[in-house]
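In: Give me the fold of what follows.
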Amino acid sequence: QVQLVESGGGLVQAGGSLRLSCAASGRAFSVFLMGWFRQAPGKEREFVAAITWSGGTTYYADSVQGRFTISRDNARNTVYLQMHSLKPEDTAVYYCAAGRVFRPSLTTQMGYDYWGQGTQVTVSS
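Out: Below you'll find the model as predicted:
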């Protein structure tokens, strides 16, 4: 099992920045892929970004490309999501996810085996 704990959410004005963190524990060595998803009220959970644990290959949703950066610190078993130029439409609960293997479905929830509890990000206009 892998446990994931997110932190760093909060309230920020439009145009501002936030950095989310996701700490993995348990069998973190078995993780191949880490991702971030978000879910706004009344909407489905959507892919934001992902990174392979070893090689650091990154993937982004079109809506955040150029504004968000995903990175990892292998020594700390932690993944980060640096968010810049935040918009009110970025408001959502952000979830960290981990996958044991690489799956072509990495931009969907089916690509992941473990999930965190989520952290709220609110962007005011």
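In: Bridge partners for the residue nearest the centre of the chain, pull those for me.
Out: Taking C-alpha atoms, centre = their mean, the centroid of the chain lies closest to residue 36, which sits 2.0 Å from it. Applying DSSP bridges to residue 36 gives these bridge partners: residue 49, residue 96.
In: Contact partners for it?
Out: Neighbour list for residue 36: 20, 22, 48, 49, 50, 70, 79, 81, 94, 95, 96, 97 [criterion: C-beta atoms under 8 Å, 6 or more residues apart in numbering]. C-betas here are computed from N, CA, C, even on glycine.
In: Let me know the helix or strand that the first one is in.
Out: This points to residue 20. Following DSSP states H and E, one finds residue 20 within strand 18-26.
In: Any chance of CSV for the contacts of residue 36, columns neighbour count and pLDDT?
Out: CSV is the format used below for those (neighbours: other C-beta atoms under 10 Å; pLDDT from 0 to 100):
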residue, neighbour count, pLDDT
20, 24, 98
22, 26, 97
48, 25, 98
49, 24, 98
50, 24, 97
70, 22, 97
79, 28, 96
81, 27, 98
94, 23, 98
95, 23, 98
96, 27, 98
97, 26, 97
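In: can you put those residues in a markdown table and add distance to residue 2?
Out: Listed next are the contacts of residue 36 as a markdown table, based on distance: C-beta to C-beta, whole Å:
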| residue | distance to residue 2 |
| --- | --- |
| 20 | 18 |
| 22 | 11 |
| 48 | 19 |
| 49 | 18 |
| 50 | 15 |
| 70 | 18 |
| 79 | 12 |
| 81 | 18 |
| 94 | 18 |
| 95 | 14 |
| 96 | 10 |
| 97 | 10 |
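In: Among those residues, which one lies nearest to residue 88?
Out: Checking the contacts of residue 36 against residue 88 by C-beta to C-beta gives residue 94 as the nearest, at 14.9 Å.
In: For residue 120, see how far away that closest one is.
Out: For residue 94, the distance to residue 120 equals 8 Å [C-beta to C-beta, to the nearest Å].
In: ditto for residue 49
Out: Counting by C-beta to C-beta, the gap from residue 49 to residue 120 is 18 Å.
In: Residue 79 contacts residue 72, doesn't it?
Out: Yes - taking C-beta atoms under 8 Å as the definition, residue 79 is a contact partner of residue 72 at 4.7 Å.
In: Thanks again, I'm all set now.
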